[in-house]
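Sequence first, then the predicted structure:
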Amino acid sequence: MKFICLGYIDPAVPVTTSEKEWHAMVDSCFAYDDQLRANGHFKGGEALQPPNTAMTLRYANGRVVVTDGPFAETKEQLGGIMILEARDLNHAVELISKHPGATFGPWEIRPAADLTEMIHQSEVRRRQAGLK
């Protein structure tokens, strides 16, 4: 079963952490990712650039409105995303709880939604409407 894991971090952490400590943390995170990969649990992931590089898009009053910055104004910001393969939610929690990055901020873990049937039904409707 796939789980989407969202890792959060205080953007000040990389700036206020010594270079030696930062490198040790990054190296331990990548080593654990390699371990997850070797055991068939790591299915993908990406780190995100800092929140000040974000843009938020929303639909309001019949048009798209784009603003600078992340949607949420919180101390911790989304730092990256990981797709994890695990037996169940408890197994996903167990795997992420061992991730060194968990010491720098919270992780949100959600089961991935299987949209296979929804996509199929949409394809049928679009084909019937002559849209595909």
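That came in fine, so what should we check first?

Any idea which residue is closest to the centre of the chain?
With distances taken as CA atoms, centre = their mean, the residue of the chain nearest its centroid is residue 81 (2.1 Å).

So that one is in contact with residue 4, correct?
Yes: between residue 81 and residue 4 there is a contact under CB atoms under 8 Å: 6.6 Å. The C-beta positions use only the backbone N, C-alpha and C, and glycine is treated the same way.

In a strand, the residue nearest to the centre of the chain, correct?
Yes: assessed by DSSP: H, G, I helix; E, B strand; the rest coil, residue 81 belongs to a strand.

Just list whatever residues bridge to it.
residue 6, residue 46 (DSSP bridges).

which residues touch it?
Residues near residue 81 by CB atoms under 8 Å, 6 or more residues apart in numbering: 4, 5, 6, 7, 45, 46, 48.

Mind doing that once more with 6 Å?
Each residue near residue 81 by CB atoms under 6 Å, 6 or more residues apart in numbering is listed here: 6, 45, 46.

From those, list just the buried residues.
residue 45 (16 or more other CB atoms under 10 Å).

Tell me how far residue 28 lies from residue 115.
Residue 28 sits 35 Å away from residue 115, taking CB to CB, to the nearest Å as the criterion.

Tell me which of the two has more neighbours.
Set residue 28 next to residue 115 and count neighbours by other CB atoms under 10 Å: residue 28 wins out with 14 against 9.

name the element the more buried one belongs to?
Assigned by DSSP states H and E, residue 28 belongs to helix 19-38.

Pull out the buried residues from that helix.
Judged by neighbour count (16+ other CB under 10 Å), helix 19-38 contains these buried residues: 25, 29, 32, 33, 36.

who touches it?
By CB under 6 Å, 6+ apart, helix 19-38 touches 42, 99, 100, 101.

Quick one: mean pLDDT for it?
Mean per-residue pLDDT for helix 19-38: 95.

now residue 92: how far from residue 81?
Distance, residue 92 to residue 81, by CB to CB: 14 Å.
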